[in-house]
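Peer 1: Build me a model from this:
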Amino acid sequence: MIQLTKIFHFEMAHAIHGYEGPCKHVHGHSYELHLAITGTNTGTEYIPAPGFEVDFKDIKQLVVSEVINQLDHKLVLSHDFLAVHPSFAGQENLVSWEVEPSAENLLVFIAKKLKDRVPAHSCLSYMKLYETNNSYAEWFNPDHYKHSSSL
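Peer 2: Purely as a prediction, here's the structure:
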């Protein structure tokens, strides 16, 4: 099996409503997203010309349009946070979510945006989202790993 990984960077601010720590306040991160796509090649046969399982350019275009443009330099706050702090509602770069914008929920958001939009004959298999240089959350596609364990 061949898996391709592309790395993306974006800046985003958020606050976590209901959390009793410093992250309950609006603050920002320089996120690093590692996104892996797996194709159908088992890794035992050469890939016909042009030799790509999936073109990195196609991955980049998809992720930039569906994810990075939606989150980069945005302030992401939950409806619950905004209900308690209405002064933030007028922010020009505000994105309001039903859920808290934690690293875990960011991965769920990204998976929902991309899962059915990856190039044909491939699947979104794995993501790792660094919130800081030593803290990250991971997402594994359960359909992919169920499939690959039977190979």
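Peer 1: Quick check, central residue of this protein?
Peer 2: Centroid-nearest residue in the chain, with C-alpha atoms, centre = their mean: residue 110, separated by 3.8 Å.
Peer 1: Run through who's touching the one helix or strand that residue maps to.
Peer 2: For residue 110, the enclosing helix or strand under DSSP states H and E is helix 103-114. For helix 103-114, the external contacting residues (C-beta atoms under 8 Å, 6 or more residues apart in numbering) are 31, 33, 35, 62-63, 66-67, 70-71, 97, 99, 124, 127, 129, 131, 135-139, 141. The C-beta positions use only the backbone N, C-alpha and C, and glycine is treated the same way.
Peer 1: which other helices and strands contact the helix or strand following that helix?
Peer 2: For helix 103-114, the succeeding helix or strand toward the C-terminus, using DSSP H and E, is strand 122-132. Applying 3 or more C-beta pairs under 8 Å, 6 or more residues apart in numbering; DSSP states H and E, one finds that strand 122-132 makes contact with strand 3-14, strand 27-39, helix 103-114, strand 135-140, helix 142-148.
Peer 1: Just the buried residues out of the contacts of helix 103-114, in PyMOL syntax.
Peer 2: This is how PyMOL selects the buried members of the contacts of helix 103-114, with burial counted by 16 or more other C-beta atoms under 10 Å:
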select buried, resi 31+33+35+62+63+67+70+71+97+124+127+129+131+136+137+139+141
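Peer 1: With mean pLDDT and distance to residue 93 as new columns, can the helices and strands packed on strand 122-132 be given to me in TSV?
Peer 2: Formatted as TSV, those follow (pLDDT from 0 to 100; distance: least, C-beta to C-beta, whole Å):
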stretch	mean pLDDT	distance to residue 93
strand 3-14	97	8
strand 27-39	97	11
helix 103-114	98	16
strand 135-140	98	23
helix 142-148	63	33
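Peer 1: I'd like those as a markdown table, with distance to residue 86 appended.
Peer 2: A markdown table is the format used below for those (distance: least, C-beta to C-beta, whole Å):
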| stretch | distance to residue 86 |
| --- | --- |
| strand 3-14 | 17 |
| strand 27-39 | 19 |
| helix 103-114 | 22 |
| strand 135-140 | 29 |
| helix 142-148 | 39 |
